[in-house]
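# Quick one, fold the following:
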Amino acid sequence: MLHSSNNNKRIDRHVKPSDGNQTGDFISVDDVVNVILFAAEAEIFLLRCVGTEIGTKVGYLAQMMIGIFNLNFEPILAQPRHADILHSVADTNRLGC
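Numbering: from 1, shown residues only. Here you go, the predicted structure:
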């Protein structure tokens, strides 16, 4: 979660509880579009997984986005929930290309 020190508003839409150490395979929309276009041109009609195969910590991603958008926010850290997936990285071996 993010907290603005400017107006003391809490911004929690689309942000999940995290202690910052969970990892995910984050990929840009541009990269997803490029994979889809490549698959269409190569007549690959079944894409099973698109990703980077690189785990990025949620806390690092939050800090990077805060810097990119020049925001005055501080992450609000919380323990992950019991059923949360702590580490998720794509396996692109099944892409078929």
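# so Asn21 makes contact with Gly59?
Yes: applying CB atoms under 8 Å, one finds Asn21 in contact with Gly59, separated by 6.6 Å. All C-beta atoms are positioned from the backbone trio N, CA, C, and that covers glycine.
# between those two, who's got more neighbours?
Gly59 (16 against 13; other CB atoms under 10 Å).
# residues contacting the more buried one?
18-21, 75, 77 (CB atoms under 8 Å, 6 or more residues apart in numbering).
# Same check on Val50?
27, 31-32, 35, 90, 92, 95.
# So for the residue nearest the centre of the chain, what's the pLDDT?
Most central in the chain under CA atoms, centre = their mean is Phe26, positioned 3.7 Å from the mean C-alpha point. Model confidence at Phe26, given as pLDDT, is 91.
# so how far is Ile36 from the residue nearest to it when sequence neighbours are not counted?
Nearest non-adjacent residue to Phe26, counting by CB to CB, 6 or more residues apart in numbering: Thr56, 5.4 Å away. Thr56 is 22 Å from Ile36, where distance means CB to CB, to the nearest Å.
# Compare those two and say which one has the larger neighbour count.
Using other CB under 10 Å as the criterion, Thr56 and Ile36 rank with Thr56 on top: 16 against 13.
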